[in-house]
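> Sequence and computational prediction follow.
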Amino acid sequence: AKQGGRARFSFYQADMDAALAERLEMERELAEAIRAGQLVLHYQPVMDARKGTVGSVEALVRWQHPTRGLLYPGTFIPVAEDSGQIRELGAWTLEAACQQLARWKSMGRHPGSVAVNLSASHFRDSRLVEQLGDLIRAYGVGKGELTIELTESTLMSDSESSMQTIQALRGLGLALAVDDFGTGYSSLAYLKLLRPQKLKVDRSFVRDLPDDPDDCVLVRAVLGLAEALDIEVVAEGVETEAQRDFLLAARCHQQQGYLFSKPIPAEDLSGRLSAWP
Ligand code: C2E
Ligand code: CA
Ligand code: CA
Ligand code: CA
């Protein structure tokens, strides 16, 4: 039995070594990927579900890996967060999104607002505000044309300096959306303080609509709260007509999900954007 235990131990050890090696390899490749232009943004429309038009878009990063194909953020964002590469990745994402916004406008198209996801460590980076100011000037980003999506946990940790950063971002004309709303440690007080433009109701609350009575009550409650505070609500992960119709009846018009479109390359979305100005 002792022998077997030892054998098992070395097996796990080997496994861990392999996992670590893979992680280090990915870190190395990711540094290269940013430089070599292997990252791309796909865009998912947030619809006005009443009219069937695109209200805004969300930029979602992908990695066109030379041998492994298209990688989704779930596979490499955690690595970038651990290694500290997330700031560099975030800076790339912000610039690529601003560039695309300018490109769409020059084509006479307007996506409403382009939303970019920001990680917690990048949000706390002291250079962020200056970086964003530079981008806004360089690409002529207008007021409300760029939205920053932050999760509740990002906003809640160290809330005093979060507050300052948020004020600075607002001063630059950026909009703020609270992402994955309802999954983190939510306090109603911070909503009143932060006054984000948008709440994005997490997909987990939308999934079982309209069958799960608890989720129906929760979603209606969030909509009521947001309305009282004059905050817009986006429902994430809308996959079925039944979900869409429940949300429409509850007066949640801004909807995002596979029912309307998956995240797609910018070129594929251009034709669906409204004319500008
Ligand atoms: P998120 O911000 O909550 O983005 C929504 C995710 O849900 C996206 O996954 C999107 O493809 C997926 N989704 C949209 N509609 C539906 C639907 O109807 N059904 C289902 N099942 N899924 C849907 P994706 O692109 O894999 O991104 C995952 C997460 O990675 C994002 O979650 C976001 O937290 C993070 N992420 C993406 N791009 C960036 C980025 O540029 N920077 C940072 N820091 N994080 C990013
Ligand atoms: Ca998001
Ligand atoms: Ca989300
Ligand atoms: Ca999420």
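Nice, thanks for sending it over. Ligands and ions are numbered 1, 2, ... in the order given.
> Same question for stretch 140-152: list its buried residues.
If you call a residue buried by 16 or more other CB atoms under 10 Å, then stretch 140-152 has these buried ones: Val141, Glu145, Leu146, Thr147, Ile148, Glu149, Leu150, Thr151, Glu152. Heads up, the C-betas are built off the backbone N, CA and C, glycines and all.
> now swap in stretch 120-130 and tell me
For stretch 120-130, burial by neighbour count (16+ other CB under 10 Å) applies to Ala120, His122, Phe123, Arg124, Asp125, Leu128, Val129.
> Next step: those residues restricted to helices.
Counting by DSSP state H, those place Ala120, His122, Phe123, Leu128, Val129 in helices.
> one step back: with respect to Asp230, which of the buried residues of stretch 120-130 is nearest?
Taking CB to CB as the measure, Asp230 lies nearest Phe123 of the buried residues of stretch 120-130, at 23.7 Å.
> And that closest one, how far from Arg207?
As judged by CB to CB, to the nearest Å, Phe123 and Arg207 stand 28 Å apart.
> what do you get for Ala168?
36 Å.
> that older thread, what subset of the buried residues of stretch 140-152 is also close to ligand 3?
Taking CB under 5 Å from the ion as the test, ligand 3 is in contact with none of the buried residues of stretch 140-152.
> After the one helix or strand Leu191 maps to, which helix or strand is next? Please name it.
Per DSSP states H and E: Leu191 is located in helix 188-194. Once the chain leaves helix 188-194, the next helix or strand it forms, by DSSP H and E, is strand 198-201.
> Can you confirm whether that following strand lies near ligand 1?
No: counting by CB under 6 Å from any ligand atom, ligand 1 is not contacted by strand 198-201; separation bottoms out at 7.3 Å.
> Can you confirm whether the lengthiest strand in the chain lies near ligand 1?
Identified as the longest strand of the chain according to DSSP state E is strand 53-65. Yes: judged by CB under 6 Å from any ligand atom, strand 53-65 and ligand 1 are in contact via Leu60, Val61.
> partner strands of that strand, parallel or antiparallel?
strand 39-48 (antiparallel), strand 69-71 (antiparallel), strand 114-117 (parallel) (DSSP bridges).
> okay, the buried residues of stretch 120-130 in CSV with pLDDT and distance to ligand 1 next?
Below are the buried residues of stretch 120-130 laid out as CSV (pLDDT from 0 to 100; distance: CB to the nearest ligand atom, whole Å):
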residue, pLDDT, distance to ligand 1
Ala120, 93, 9
His122, 94, 7
Phe123, 95, 9
Arg124, 93, 13
Asp125, 93, 12
Leu128, 97, 12
Val129, 97, 17
